[in-house]
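[1] Model the structure of this input:
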Amino acid sequence: MNKSSLFDEKTFYQTFLRDLERCNSEVIIESPFITRERMGTFDRIFQKLLKRDVKIYIFTRDPQEHDEFMEPQSEDAIRWCESVGIQVLLCTGNHHRKLAILDRSVLWEGSLNILSQTRSREIMRRIDDGETATEMFRFLKLYKFL
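    Here you go, the predicted model:
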């Protein structure tokens, strides 16, 4: 069985949302950009996960590193996340990674900004392998933050 599958901006969200629904313990998302519009895709599923005591961590750029259009969008989305119990970790220094680690068993990585993508052409790879997901967790030294 193939543990790796490719998705584009048209096919990504349907599968990613299904993966999120299956989460039992932890969601980690790195998305440099975060917008109100795209967060509308996630608000219900995130709240459902939080009610099931699934921890959600979002790594995103500090809003001050965005232009004047993106800064208030980012601030609003971050404020909402924090108000519902999502832990947001702000990154500085041109943070640009796009990935998600779900229950440390599924890794998504590629070019798509998970929490902001709208019109751009992108690619994401889904790897259904706990060893690879844990390898990424350790490589990024996320244990320092969670």
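[2] and the residue positioned nearest the centre of the chain, bridged to which residues?
    Centroid-nearest residue in the chain, with CA atoms, centre = their mean: Ile29, separated by 2.5 Å. Beta-bridge pairing for Ile29 (DSSP bridges): Ile58, Ala100.
[3] quick one: contacts for the closest residue to Glu71 other than its chain neighbours?
    Spatial nearest neighbour of Glu71, chain neighbours left out: Pro63 (4.8 Å); criterion: CB to CB, 6 or more residues apart in numbering. In this view, the C-beta of every residue, glycine as well, is placed from N, C-alpha and C. By CB atoms under 8 Å, 6 or more residues apart in numbering, the residues touching Pro63 are 70-72, 74-75, 78, 90.
[4] Emit the ChimeraX select command for whichever of those are buried.
    Filtering these down to the buried ones (16 or more other CB atoms under 10 Å) takes a single ChimeraX command:
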select :70,74,78
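[5] Of the contacts of Pro63, which pair is most distant in space?
    Farthest pair in the contacts of Pro63 (CB to CB) is Pro72 and Leu90. Separation: 15.3 Å.
[6] Identify the residues contacting Ser31.
    By CB under 8 Å, 6+ apart, the contact list for Ser31 reads 58-60, 98, 113-116.
[7] Spatially nearest residue to it, not counting backbone neighbours?
    Leaving aside its sequence neighbours, Ser31 sits nearest to Leu115 (CB to CB, 6+ apart; 3.9 Å).
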